[in-house]
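Trainee: return a 3D structure for these sequence lines:
(2 chains)
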2 protein chains.
Amino acid sequence: MKSYKKMSRDELETLRTELEKEYEDVKGKGLKLDMSRGKPSLSQLDMTMPMMDLFSSESVLFTEDGVDCRNYGLLDGIPEAKVLMGDMMGVPAEKVIVFGNGSLFIMYDTISRSMTHGVCGSTPWCKLDKVKFLCPVPGYDRHFAITEHFGIEMITIPMTPDGPDMDMVEEYVNNDATVKGIWCVPKYSNPQGITYSDETVKRFAALKPAAEDFRIFWDNAYAIHHLYEEVQDELLDIISECEKAGNPDLVYEFASTSKVSFAGAGIAAVAASQKNLDFMKKSMTIQTIGFDKINQLRHVQYFKNLDGLKAQMKKHADIMRPKFEAVLSIFDKELGGLGIAGWIKPNGGYFISFDTMEGCAKTVVEKCKEAGVVLTGAGATYPYGKDDKDTNIRIAPSFPTLEEMTQAAELFTLCVKLVSAEKILQSLN
Amino acid sequence: MKSYKKMSRDELETLRTELEKEYEDVKGKGLKLDMSRGKPSLSQLDMTMPMMDLFSSESVLFTEDGVDCRNYGLLDGIPEAKVLMGDMMGVPAEKVIVFGNGSLFIMYDTISRSMTHGVCGSTPWCKLDKVKFLCPVPGYDRHFAITEHFGIEMITIPMTPDGPDMDMVEEYVNNDATVKGIWCVPKYSNPQGITYSDETVKRFAALKPAAEDFRIFWDNAYAIHHLYEEVQDELLDIISECEKAGNPDLVYEFASTSKVSFAGAGIAAVAASQKNLDFMKKSMTIQTIGFDKINQLRHVQYFKNLDGLKAQMKKHADIMRPKFEAVLSIFDKELGGLGIAGWIKPNGGYFISFDTMEGCAKTVVEKCKEAGVVLTGAGATYPYGKDDKDTNIRIAPSFPTLEEMTQAAELFTLCVKLVSAEKILQSLN
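Mentor: Down below sits the predicted model:
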């Protein structure tokens, strides 16, 4: 294929006319597809339905050590759920607290508590003039929404193929005491699918923060969410790296089964040092009499152990992989060699990160919407929704069926071509 | 029986010797009983076990209007759960948000949000020099723990048989702009079992707070938790009373099924005005992608409607009532006419409030503990754990079996008699 940028004005104008006609045709089809959020599909949810057969009126809903899961108590989760979630994160059970149905809630709660009560005895952040967070970009919109909600100033850090730009991270964290945290999705990052390199993890663990209440928010959302059996990214365990580096309290790690069992009814957990857990529990004991232990027990009895989780993830991969591959092969076929776009092929996670030419992302998203395909808003992968170069679009292939996904990807590439041709033509004027 | 206060020193000394001997005998029995918390008993939890038969791998876990309860979404709860929880509180579904498994969490969250984000646009409480809450006493220790945790100054308001002393409440709320809230358990109050009179509710609804961000925290924890079929307290609906009084935004009402279905795995809800709900949702949309909707659906399908809830509560009452009556009859038999104690016979709720002579409560609780019966700590029913007169003890008869409860109540009354006799003897010295 010929690169658009090497085309003459005439060639581009002819192309634009063709693409416009094609676009009008597709619009006529009345598509109604949603690629906006990383939601599991129906068949993924169906896969976990046998979990509903597990308990009956005859079941004994007690933990192994005899605690009644139906009653109040066990603030920090049932012991066997700590083991399961710990195994998922690769940390020992005693470093884990198991919560309710979502890790987003734990992250919000952690920031909220830091605002009102500080971090392990530090000044509450709400009493400080300025609190800053580092935000690797492109990143997860819901992370940025939390820090924005609490009035925390967000500083963007560019992502590299090895993770966030660690020179910048070290520069900020080790010198600026108003920098209190950094958002990380270290494995199969949202949206790029990048896994932090060993060196990146070690540099994180070796940070010497200017602020005693600085913490790494390590959202290990896709710890076991591989797309392939053969090619699986490996992430160094941040908790033990921090310990080795003499920084045991530096990190909170978050995980959940939202994309393992049920997105709406899974279990979520945090892993951290004893000091961090103790401080969390001091608030938790006021906040709740404990989270839903029956659902914790249900998960443990269903998955049994890490092998059970992995077996389930293999089935998820079998559903997800064809969609990812369909999208990527359409990108290759339709956009390869045109010089108007870039994307990353991930080995896991829930997203494909797509970059248009500068100044095109918003228009592509609008054009898709006009033709019935909803994408995550352009800019959503940046703090305050501001992607200054207007290039990044997050593609979420999980929810639509393979057929719908194919249609959506074809429309998407058509819009990218059309908007890019227009953009280049404008620049020639 | 002869009033202790009318006994001679000799009579009292003989009595004390007898009681001490009796106490040593009981201590020898090695009792191990817990009356400290309002936990449902095993048989109450067993009652709800058929809920576990409800869903199987064949179930369609969708709401009536087609939302998949297994996936993300529906931030404010499934519509049918709003109806159920609304019916429980006596308010329309559109005024309800359904959360996860505990109302304590919602209350904590509401205070926490007020600290960081204010109330419907007011200054965040963490930015104010002083925030005060009114605390009717005796009251619920976990309420007081929340306000204490956030550094909110607590002002005690004496309870009367009609609810909190409303003259004092009006005086504070209508004149002091630093007073931002009041904790209420308006029906079968914790621990006294008092239900607020119609006049009290109307006076609450007619408050003219000096602070625009003042709210009533109406913890309707025992809305349908009657002990008797024949004698049931009625509580005026605060939400509609506030509307009638032109104060629609004045109140948050909380409720849960913790003592209807499972204490650890129920569902909880808040009811409030549209303005209050909208402000809550603004934070919730950042905080969570929704609570466990499968458990909400499970509850709706199990209880079906208010009649279903009421039928369940009748069964709970059949288990609870004999324990309450056993305790009360032991109190009557052992302590009636002695002039050393007072207690209230409740028509519902989870507690019996007991008052010793001044300066005796702590010692009674200690003596009970020494002999193997754990009670809620004396003072727990007061802010900061400080019951200046040292008289109030909360009795929680729900968790032990009837036989255990009888043993515990007998030991308790023995301790009350012994400590009282000693106290009177001291005063004669």
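Trainee: what residues does the lowest-mean-pLDDT helix or strand in chain A touch?
Mentor: Sorted by mean pLDDT, DSSP states H and E, the helices and strands of chain A end with strand A:33-35, the least confident at a mean of 88. Residues outside strand A:33-35 that contact it (CB atoms under 8 Å, 6 or more residues apart in numbering or on different chains): A:372-376, A:395-397, A:399-400, A:404-405, A:407-408, A:412. Heads up, the C-betas are built off the backbone N, CA and C, glycines and all.
Trainee: now, which of those sits nearest B:Ser36?
Mentor: Using CB to CB, A:Phe399 comes nearest to B:Ser36 of the contacts of strand A:33-35, at 48.0 Å.
Trainee: name the nearest residue to that closest one, sequence neighbours excluded.
Mentor: A:Lys39 (4.4 Å; CB to CB, 6 or more residues apart in numbering or on different chains).
Trainee: now the element after the longest helix belonging to chain A, going C-ward?
Mentor: Looking across chain A with DSSP state H, the single longest helix is helix A:306-335. As assigned by DSSP states H and E, the chain's next helix or strand after helix A:306-335 is strand A:341-343.
Trainee: that next one pairs with which strands?
Mentor: Under the criterion DSSP bridges, strand A:341-343 sits next to strand A:352-356 (antiparallel) in its sheet.
Trainee: phi, psi for A:Trp183 please.
Mentor: Note on A:Trp183: backbone dihedrals following degrees, to the nearest 10 are phi -90, psi 130.
Trainee: so for the residue nearest to A:Phe399, what's the pLDDT?
Mentor: A:Lys39 is assigned a predicted lDDT (pLDDT) of 94.
Trainee: in the longest helix of chain A, what's buried?
Mentor: A:308-309, A:312-313, A:316-317, A:319-321, A:323-324, A:326-328, A:330-331, A:334-335 (16 or more other CB atoms under 10 Å in any protein chain shown).
Trainee: which among those are in contact with chain B?
Mentor: Taking CB under 8 Å from any CB of the partner chain, there is no overlap between these and the neighbourhood of chain B.
Trainee: and the helices in chain A?
Mentor: Using DSSP H, helices in chain A cover A:9-28, A:42-47, A:79-89, A:103-117, A:141-149, A:166-175, A:198-205, A:238-244, A:274-287, A:293-303, A:306-335, A:361-370, A:402-428.
Trainee: off-centre distance for stretch A:353-372?
Mentor: Relative to its chain's centre, stretch A:353-372 lies at 21 Å (CA atoms, centre = their mean, to the nearest Å).
Trainee: what about that stretch, how long is it end to end?
Mentor: Terminal residues of stretch A:353-372 are spaced 21 Å apart (CA to CA, to the nearest Å).
Trainee: how about stretch A:43-59?
Mentor: End-to-end distance of stretch A:43-59 (CA to CA): 28 Å.
Trainee: how about that stretch: buried residues?
Mentor: A:44-45, A:47-49, A:51-52, A:54-55, A:59.
Trainee: cool, and stretch A:106-125?
Mentor: Applying 16+ other CB under 10 Å to stretch A:106-125 flags A:106-120, A:122, A:124-125 as buried.
Trainee: and it, anywhere near chain B?
Mentor: Yes. Using CB under 8 Å from any CB, stretch A:106-125 reaches chain B at A:108-109, A:112, A:115-117, A:124.
Trainee: touching that stretch from outside, list them.
Mentor: Contacts for stretch A:106-125 (CB under 8 Å, 6+ apart): A:99, A:126, A:131, A:143, A:146-147, A:150, A:152, A:180-181, A:212-213, A:215, A:217, A:219, A:249, A:252, A:254, A:268-270, A:275-276, A:279-280, A:283, B:112, B:115-116, B:126, B:149-150, B:286-288.
Trainee: ok, now stretch A:292-299?
Mentor: Residues from elsewhere that reach stretch A:292-299 (CB under 8 Å, 6+ apart): A:51, A:54-55, A:61, A:63, A:67, A:69-70, A:74, A:77-78, A:80-81, A:84, A:98, A:100-101, A:257, A:261, A:265-267, B:100-101, B:262, B:264-265, B:292, B:295.
Trainee: and stretch A:277-295, how far apart are its ends?
Mentor: Start-to-end span of stretch A:277-295 (CA to CA) is 22 Å.
Trainee: in it, what's buried?
Mentor: Using 16+ other CB under 10 Å as the test for burial, stretch A:277-295 gives A:277, A:279-280, A:283-284, A:286-295.
Trainee: any idea of the mean pLDDT in it?
Mentor: Averaged across stretch A:277-295, pLDDT comes to 97.
Trainee: what does stretch A:249-264 give?
Mentor: pLDDT averaged over stretch A:249-264 gives 97.
Trainee: do that stretch and chain B meet at all?
Mentor: Yes. Stretch A:249-264 comes into contact with chain B (CB under 8 Å from any CB), by way of A:258, A:262-264.
Trainee: which residues does the nearest residue to A:Ala380 once chain neighbours are set aside contact?
Mentor: What sits nearest to A:Ala380 in space, not counting adjacent residues and going by CB to CB, 6+ apart, is A:Asp141, at 4.3 Å. A:Asp141 sits next to A:376, A:380-381, A:385 when contact means CB under 8 Å, 6+ apart.
Trainee: let me know the pLDDT of A:Asp141.
Mentor: For A:Asp141, the model assigns a pLDDT of 96.
Trainee: returning to what we had before: got the buried residues for the least confident helix or strand of chain A?
Mentor: Using 16+ other CB under 10 Å as the test for burial, strand A:33-35 gives A:33, A:35.
Trainee: also stretch A:421-429?
Mentor: Quick answer for stretch A:421-429 (16+ other CB under 10 Å): A:421-425.
Trainee: ok, now stretch A:143-157?
Mentor: Of all the residues in stretch A:143-157, those buried under the rule 16+ other CB under 10 Å are A:143-150, A:152, A:154-157.
Trainee: swap in stretch A:358-366?
Mentor: For stretch A:358-366, by 16+ other CB under 10 Å, it's A:360-365.
Trainee: same deal with stretch A:90-109?
Mentor: Residues of stretch A:90-109 classed as buried by neighbour count (16+ other CB under 10 Å): A:90-91, A:93, A:95-109.
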